[in-house]
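Chemist: Okay, sequence plus prediction incoming.
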Amino acid sequence: MISWRELWQISRFRLTLLYGALFAVGVIGLLGLVYWQTAGFMAAQVDQILEVEAREFVKGGPAVLPKWINQDIARDARRISYYGLFSADGTWITGNIDHIPRILETDAPPRELSARAGLGSDARAMAVRLPWGEILVVGRDVTQLAEIRLILLQALGWSGAAIVIVGLGLGGALSVRPLRRIAAIQEASQRIMEGDLAVRLPSLARGDELDVLAAIVNTMLDEVHRLVGEVKSASDSLAHDLRTPLTRLRALLYRLEQQPALAEAQRAMAQQALAETDALLARFQALLRISEIETKARREGFSTVDLAAVLEQIRDLYEPLAAERGLELAVETRAPAKVQADGELIFEAVNNLVDNAIKFTPCGGRVAARIIQTHKGPRLEIADTGPGVPALERAAVLQRFYRSARDRGAPGSGLGLSIVAAIARLHGFSLELEDARPGLRATLSCWPSWSRGAEG
Ligand SMILES: Nc1ncnc2c1ncn2[C@@H]1O[C@H](COP(=O)(O)OP(=O)(O)OP(=O)(O)O)[C@@H](O)[C@H]1O
Ligand SMILES: [Mg+2]
């Protein structure tokens, strides 16, 4: 769903609203003008009639005027005219008005009277002092005029409302498409940031601003992808090429060590050289493994993996070693925890984490592995009571070959955690190292960071 804030941030939406507002002001102004002109014109016409009538009556003189007035009243079938003749002190003489409305000033231009102000209906009227002292009031019903005014006012209100609604609706409709495209671009960018350099920003081939931008970024990504690929393949082929001579060297050393004629001291040296070569080979193996994991196509070979089953396998595998080293290995698997993943890789990751925990925890300690169900997915925790990793080194130990100075004497090559990190990256899972007070707690959150559940 698109929120109002997002909609407002779209320039097209604001432009449409602005046009809508200008248009509304224009139309309302135009209707206002029509209103004033029409109402004014009609009132002026009525006033003209009143003035002509008053002038005609004045010609009559005091003797015939009451008769004329009564004749006119009799002729006025539509009952829209008001006439009243009053003496100088305001006493009624004749006509269909029984008093002079108080707001009428004599010899002033005609003015509008409400129904309550005097004549019984909306009317325009004027009072004239006649040359012989009497006062004549002439008026005309303008109920129709009021009705037309009301109709005009209503039209004004309705059209204003319609323009605002249509403007808002149109602005919203026009903004939804660009918003959707921006969301698609955001999603693609997110996946690129997560390391999938093969993803490209979507474009509609319409050639608009967004397409031009997407094309530029995509060209950049092509170049970055190519360069990264070159660097990677150079280091991979180096590791690959060195493996064969190393294997040959190992075979030679083995044969040397097997020579019966060898003196004891020389045999010991040959055995040491053999062990070093084995360590070297293991390192190359691990390096190649990392690049193999990194080039794996995402989700290829993913299936439903039960983390609980993986932990049980690990327990069976490590129980003898833990016992031998005087460690307690506690594995807690209450319920199956299913995730979409590459089963072998998940096993390899957990294996490396438990291997570290057992390797670095001194005798008498405890290694605990468990699964916590969160609303986003299962979280795997492996904690030990060993020396832990200082906060400053927690990012470094995830890099290739990094080993804490303290542990350089221990067997290993500093590639185990790099492999775990590569596996986590491939799955979009997040790997965190924390202080378990004492010891280290490694947490693998087993849900892809690009999934909906992980948002927010
Ligand atoms: N559970 C742990 N407790 C204390 N330190 C740890 C723990 N796990 C890892 N480390 C530190 O992080 C470093 C890197 O770990 P990593 O698994 O990558 O390499 P390694 O175990 O030394 O060698 P490899 O795994 O290649 O055999 C270790 O050398 C160690 O200093
Ligand atoms: Mg390790």
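Modeler: Ah, there it is. Numbers count the residues shown, from 1 in each chain. Ligands and ions are numbered 1, 2, ... in the order given.

Chemist: buried residues in stretch 231-238?
Modeler: Asp236 (16 or more other Cβ atoms under 10 Å). Where you see a C-beta, it was placed from the backbone N, CA and C, and this is true even at glycine.

Chemist: Just want to check the distance between the residue lying farthest from the centre of the chain and Glu134.
Modeler: For the chain, the largest distance from the centre (Cα atoms, centre = their mean) belongs to Ala63, which lies 88.1 Å off. From Ala63 across to Glu134, the span is 12 Å (Cβ to Cβ, to the nearest Å).

Chemist: same question, Leu252
Modeler: According to Cβ to Cβ, Leu252 and Glu134 sit 145 Å apart.

Chemist: Could you do Ala162 as well?
Modeler: 55 Å.

Chemist: Equivalent analysis for Arg425, please.
Modeler: Taking Cβ to Cβ, one finds Arg425 at 107 Å from Glu134.

Chemist: And the strands in the chain?
Modeler: 81-86, 92-95, 111-113, 123-129, 135-141, 303-306, 328-332, 338-341, 366-373, 378-384, 430-435, 440-445 (DSSP state E).

Chemist: Going by mean pLDDT, which of the ones you listed comes out lowest?
Modeler: The weakest mean pLDDT among those belongs to strand 111-113, with a mean of 87.

Chemist: Just give me the neighbour total for the residue of the chain found nearest ligand 2.
Modeler: Closest approach of the chain to ligand 2 (Cβ to the ion) occurs at Gly416, with a separation of 2.6 Å. Gly416: 20 surrounding residues under other Cβ atoms under 10 Å.

Chemist: Show the low-confidence segments of the stretch 1-150 of the chain, by residue range.
Modeler: In the predicted model of the stretch 1-150 of the chain, residues 1-2, 7, 10-12 satisfy pLDDT under 70.

Chemist: Relative to the whole chain's centre, how far out is stretch 59-75?
Modeler: How far stretch 59-75 lies from its chain's middle: 81 Å, per Cα atoms, centre = their mean, to the nearest Å.

Chemist: Next, the buried residues of it.
Modeler: Neighbour-count burial for stretch 59-75 flags 65-66, 68-69, 72 (criterion: 16+ other Cβ under 10 Å).

Chemist: And stretch 195-214, by the same measure?
Modeler: For stretch 195-214, burial by neighbour count (16+ other Cβ under 10 Å) applies to 196-197, 199-201, 203, 210-211, 214.

Chemist: Just the C-alpha atoms of that stretch, please, in PDB.
Modeler: Output in PDB follows, covering the C-alpha atoms of stretch 195-214 (Å, rounded to 0.1, in the frame of the first residue of the first chain):
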ATOM      1  CA  GLY A 195      26.100  -9.200  -3.200                       C
ATOM      2  CA  ASP A 196      24.200 -10.400  -6.200                       C
ATOM      3  CA  LEU A 197      26.100  -8.500  -8.800                       C
ATOM      4  CA  ALA A 198      24.200 -10.200 -11.600                       C
ATOM      5  CA  VAL A 199      21.000  -8.300 -10.800                       C
ATOM      6  CA  ARG A 200      20.100  -5.300 -13.000                       C
ATOM      7  CA  LEU A 201      17.800  -2.400 -12.300                       C
ATOM      8  CA  PRO A 202      14.500  -2.800 -14.200                       C
ATOM      9  CA  SER A 203      13.800  -0.400 -17.100                       C
ATOM     10  CA  LEU A 204      10.700   0.000 -19.300                       C
ATOM     11  CA  ALA A 205      12.600   1.000 -22.500                       C
ATOM     12  CA  ARG A 206      10.500   4.200 -22.600                       C
ATOM     13  CA  GLY A 207      13.500   6.400 -22.400                       C
ATOM     14  CA  ASP A 208      12.200   8.500 -19.500                       C
ATOM     15  CA  GLU A 209      14.400   9.900 -16.600                       C
ATOM     16  CA  LEU A 210      14.100   6.700 -14.600                       C
ATOM     17  CA  ASP A 211      15.200   4.600 -17.600                       C
ATOM     18  CA  VAL A 212      18.100   6.800 -18.300                       C
ATOM     19  CA  LEU A 213      19.300   6.500 -14.700                       C
ATOM     20  CA  ALA A 214      18.700   2.800 -14.700                       C
END
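
Chemist: Please work out the average pLDDT along it.
Modeler: 84.

Chemist: Quick one: residues contacting the residue nearest to Glu432 when sequence neighbours are not counted.
Modeler: In this structure, Glu432 finds its nearest non-sequential neighbour in Thr443, 4.6 Å apart by Cβ to Cβ, 6 or more residues apart in numbering. Contact analysis of Thr443 by Cβ atoms under 8 Å, 6 or more residues apart in numbering lists 379-381, 431-434.

Chemist: mind redoing it with 10 Å?
Modeler: 353, 372, 379-383, 429-434 (Cβ atoms under 10 Å, 6 or more residues apart in numbering).

Chemist: what about it, distance to ligand 1?
Modeler: From Thr443 over to ligand 1 the distance is 12 Å, taken as Cβ to the nearest ligand atom, to the nearest Å.

Chemist: and what of Glu194?
Modeler: For Glu194 relative to ligand 1 (Cβ to the nearest ligand atom), the value is 22 Å.

Chemist: returning to that earlier point: take the strands of the chain and lay them out in a markdown table including distance to ligand 2.
Modeler: Shown next, in a markdown table, are these (distance: least, Cβ to the ion, whole Å):
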| stretch | distance to ligand 2 |
| --- | --- |
| strand 81-86 | 108 |
| strand 92-95 | 116 |
| strand 111-113 | 97 |
| strand 123-129 | 101 |
| strand 135-141 | 103 |
| strand 303-306 | 22 |
| strand 328-332 | 16 |
| strand 338-341 | 21 |
| strand 366-373 | 13 |
| strand 378-384 | 12 |
| strand 430-435 | 12 |
| strand 440-445 | 11 |
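
Chemist: so can I have TSV of those strands showing distance to Pro245?
Modeler: Converted to TSV, the strands of the chain look like this (distance: least, Cβ to Cβ, whole Å):
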stretch	distance to Pro245
strand 81-86	123
strand 92-95	131
strand 111-113	112
strand 123-129	115
strand 135-141	117
strand 303-306	38
strand 328-332	40
strand 338-341	36
strand 366-373	39
strand 378-384	37
strand 430-435	35
strand 440-445	36
